[in-house]
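1. Okay, here's the prediction I keep looking at, along with the sequence it came from:
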2 protein chains.
Amino acid sequence: MQVSETQWSSQEMAVAKTALKTAYERETASMVKSVREKASEISHVDDLWHLNDFLSARRFDIDGKYDDREEEVLFVLAKLIKEGWLAAADLDGLDSEKLTKMKALTHIL
Amino acid sequence: MQVSETQWSSQEMAVAKTALKTAYERETASMVKSVREKASEISHVDDLWHLNDFLSARRFDIDGKYDDREEEVLFVLAKLIKEGWLAAADLDGLDSEKLTKMKALTHIL
């Protein structure tokens, strides 16, 4: 599967970037909710450092994850589908070849 | 003021260590309360990263602060008095020379 040679039209890249933005909003909103819940249970200084470690790890993950370069975006979208941040409807406008490759990638990633 | 040459008896070191422990409990309990309050106001991913930066800075500060080595402890106690985590009553058992030096240090630090 020649994922790296996939060609993207400007319209498709716009769909991909909108999908990334949607997924980012969903994932970070979920994280905000989760941290508020975690924080309400904090009772000791060790809980603070666990929260600190959790936030550092999530920040590192998210900073590197939403890569919208053409050579990476198919992998990124597939990962976001697998993680549940995107659904098929968010990718309307991409050609069937890309959707097929993405579906295959969700089984590999 | 020859702070570094201050001599500590084992009884005085015990008083100092107990005071450090007391201050640590007070400071970290206050931080737990403050983080729970901050976290309840989180509404956006940027707030998460601000909380992460806040926790990292406070952790770095606290990790380095509670130094109970004999050559450092007078400075540490003076700093904790200045910051409000210790009161004069927490240092009962130290000789008057140390208390005077500590009081002077709180004006310098």
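-> Sure, I can see it.

2. Show me which residues of chain A sit near chain B.
-> A:28, A:31-32, A:35-36, A:38-40, A:42-45, A:47-49, A:51-52, A:55-56, A:58-59, A:62 (Cβ under 8 Å from any Cβ of the partner chain). From N, CA and C alone the C-beta is placed, and that goes for glycine too.

3. Let me know how buried residue A:83 is, in neighbour terms.
-> Using other Cβ atoms under 10 Å in any protein chain shown, residue A:83 is surrounded by 14 other residues.

4. and the residue in chain A positioned nearest to chain B, what does it touch?
-> Across chain A, the shortest distance to chain B (Cβ to the nearest Cβ) belongs to residue A:39, at 3.0 Å. Counting by Cβ atoms under 8 Å, 6 or more residues apart in numbering or on different chains, residue A:39 touches A:51, B:35, B:36, B:38, B:39, B:40, B:42.

5. and if we set it to 7 Å?
-> By Cβ atoms under 7 Å, 6 or more residues apart in numbering or on different chains, the contact list for residue A:39 reads A:51, B:35, B:36, B:39.

6. follow-up on the earlier one: of the residues of chain A next to chain B, which belong to strands?
-> For the residues of chain A next to chain B, not one is inside strands, with DSSP state E as the criterion.

7. From the residues you listed, list the buried ones, please.
-> Neighbour-count burial (16 or more other Cβ atoms under 10 Å in any protein chain shown) applied to these gives A:28, A:31-32, A:35-36, A:39, A:42, A:45, A:47-49, A:51-52, A:55, A:58-59, A:62.

8. Format the contacts of residue A:39 as TSV; extra columns: pLDDT and distance to residue B:14.
-> As requested, these are exported to TSV (pLDDT from 0 to 100; distance: Cβ to Cβ, whole Å):
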residue	pLDDT	distance to residue B:14
A:51	96	33
B:35	95	32
B:36	94	33
B:39	92	37
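
9. Output the residues you listed in a markdown table, with distance to residue A:106 appended to each entry.
-> Listed next are the contacts of residue A:39 as a markdown table, based on distance: Cβ to Cβ, whole Å:
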| residue | distance to residue A:106 |
| --- | --- |
| A:51 | 31 |
| B:35 | 37 |
| B:36 | 38 |
| B:39 | 34 |
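
10. Can you pick out the ones from those that are in helices?
-> Using DSSP state H, the subset of the contacts of residue A:39 located in helices is A:51, B:35, B:36, B:39.

11. what sits against the nearest residue to residue A:56 once chain neighbours are set aside?
-> Among residues not flanking residue A:56 along the chain, residue B:52 sits closest, at 6.1 Å (Cβ to Cβ, 6 or more residues apart in numbering or on different chains). By Cβ under 7 Å, 6+ apart, the residues touching residue B:52 are A:52, A:55, A:56, A:59.
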